[in-house]
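K.L.:
dropping the sequence and predicted coords here.
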Amino acid sequence: MGQKELSLLLRAVVALLAVFLACAIIFFLPPLTYEVELFCLDRGMSETLASALGGCAFPAVIALSAVPCFAALWLAFGIFTEIGKNNSFCDKNAKRLGAISHLALLDTAVYIFLAVALCLLGMGHPSVVLVLGAVVLFGISMTVACAALSHLTQKAADLKADSDLTI
């Protein structure tokens with residue numbers, strides 16, 4: 001597989017991920033907000049508080065979490081475009097990977113805040129805390145991996161620039 005084909009395949013995967021994320025937010029978020037509201041009511045919360053958590057706070061956190069994900073997909077699309085141009089190791093890609101690392105850290109912080117808030121509200125069901133813990137571990141892993149790749153890409157770009165100057 002050549003670089004152009006690889007680039008096209010990677011960009012198609014990013015586009016599919018963006019469509020999947022958008023569909024998940026559009027189609028699965030409304031029923032989930034209703035379930036959160038019912039869960040709050042079952043826990044003895046007032047209707048006003050249950051409505052605020054289920055109808056406003058929960059969708060806001062999910063929407064806030066989706067913004068860095070879409071931004072990271074956009075940056076990944078740019079990286080994969082550079083791969084198609086046979087320019088994998090460039091300063092722009094190193095900066096994009098660094099930005100993706102920061103976005104993953106931001107998203108991880110949102111989920112840490114959500115986990116703490118749920119526990120403080122007495123809604124920290126073990127399965128919810130376990131899922132949030134897995135999301136946080138995945139976010140930390142993505143942060144570290146993208147930061148390392150950014151560093152390595154920058155070093156490779158520097159070596160490439162030095163090599164281009166000597167030739």
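P.N.:
Thanks, I have it.
K.L.:
mind checking how far the helix ranked longest in the chain is from the chain centre?
P.N.:
Criterion DSSP state H: the longest helix present in the chain is helix 126-166. From the chain centre to the centre of helix 126-166 is a distance of 13 Å (CA atoms, centre = their mean, to the nearest Å).
K.L.:
what's the average pLDDT for that helix?
P.N.:
Computed over helix 126-166, the mean pLDDT rounds to 91.
K.L.:
which elements pack onto it?
P.N.:
In terms of contacts (3 or more CB pairs under 8 Å, 6 or more residues apart in numbering; DSSP states H and E), helix 126-166 is packed against helix 91-120. Bear in mind the C-beta positions are built from the backbone N, C-alpha and C, glycine included.
K.L.:
the helix it packs on: which residues count as buried?
P.N.:
Across helix 91-120, burial judged by 16 or more other CB atoms under 10 Å covers 93-108, 110-112, 114-115, 118.
K.L.:
between it and helix 126-166, how many degrees?
P.N.:
Compare the direction of helix 91-120 with that of helix 126-166 by axes from the mean of the first three to the mean of the last three CA atoms, to 10 degrees and you get 170 degrees.
K.L.:
pLDDT weak spots in this protein?
P.N.:
50, 54, 124, 167 (pLDDT under 70).
K.L.:
how close does residue 156 get to residue 3?
P.N.:
Distance, residue 156 to residue 3, by CB to CB, to the nearest Å: 15 Å.
K.L.:
cool, and residue 138?
P.N.:
29 Å.
K.L.:
one more: residue 29?
P.N.:
38 Å.
K.L.:
tell me, how many residues neighbour residue 126?
P.N.:
7 (other CB atoms under 10 Å).
K.L.:
repeat for residue 44
P.N.:
8.
K.L.:
could you tell me the phi and psi values at it?
P.N.:
Backbone geometry at residue 44, expressed as degrees, to the nearest 10, gives phi 90, psi 10.
K.L.:
so residue 11 makes contact with residue 80?
P.N.:
Yes: the pair formed by residue 11 and residue 80 meets the contact definition of CB atoms under 8 Å, at 4.9 Å.
K.L.:
let me know the helix or strand that residue 81 is in.
P.N.:
Assigned by DSSP states H and E, residue 81 falls within helix 58-84.
K.L.:
report all helices and strands that that helix contacts.
P.N.:
helix 3-23, helix 29-42, helix 91-120.
K.L.:
got those helices as JSON lines, with distance to residue 68 columns?
P.N.:
Shown next, in JSON lines, are these (distance: least, CB to CB, whole Å):
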{"stretch": "helix 3-23", "distance to residue 68": "11"}
{"stretch": "helix 29-42", "distance to residue 68": "17"}
{"stretch": "helix 91-120", "distance to residue 68": "4"}
